[in-house]
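K.L.:
Just need the structure, nothing else, for what follows:
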Amino acid sequence: MPNVLCESIFCGCIPIATNVGNASFIIGDESLVLKESTNKEFEQILTYARRIPKSERSKIRERAIRLFSIEKRKEKLLAVLEGDKI
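P.N.:
The predicted structure is shown next:
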C-alpha cells in the first residue's frame, strides 16, 4: 500500500493518482484516478478535484483514516508476523 498516498490524504490533501496498485481503492473515488495518464485527462481530474466541496473532501479523509489508520495497519502487520490470516 502506498504510504505516501495515505499520509497525504490524512493531511487533508486531495489525492490524484494513476491507476496502479491499490490507489483507486485507497482514494475511494474513481473520478480522482487517471486511467489514460494524458495531460487532458489530468486537467479534467484537477478541475474536478478543485470543485469538490469541503464536506466531500472530509469524507475522503475520514474513509482513509477508518480503513488505513496507523492502528489498523499495525494490527494487520502484527497479524501477518504472527502467522494469522487477514
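K.L.:
Please tell me how far residue 18 sits from residue 67.
P.N.:
20 Å (Cβ to Cβ, to the nearest Å). Every C-beta, even on glycine, is put in place using the N, C-alpha and C of the backbone.
K.L.:
ok, residue 3 - how many residues close by?
P.N.:
Residues near residue 3, counting by other Cβ atoms under 10 Å, number 9.
K.L.:
Kindly report the same for residue 82.
P.N.:
The number of residues packed around residue 82, counting by other Cβ under 10 Å, is 7.
K.L.:
so what's it scoring on pLDDT?
P.N.:
Predicted confidence (pLDDT) for residue 82: 90.
K.L.:
Excluding chain neighbours, what is closest to the residue nearest the centre of the chain?
P.N.:
Centroid-nearest residue in the chain: residue 27, 2.9 Å away (criterion: Cα atoms, centre = their mean). The shortest distance from residue 27 to any non-neighbouring residue, by Cβ to Cβ, 6 or more residues apart in numbering, is to residue 15 (4.9 Å).
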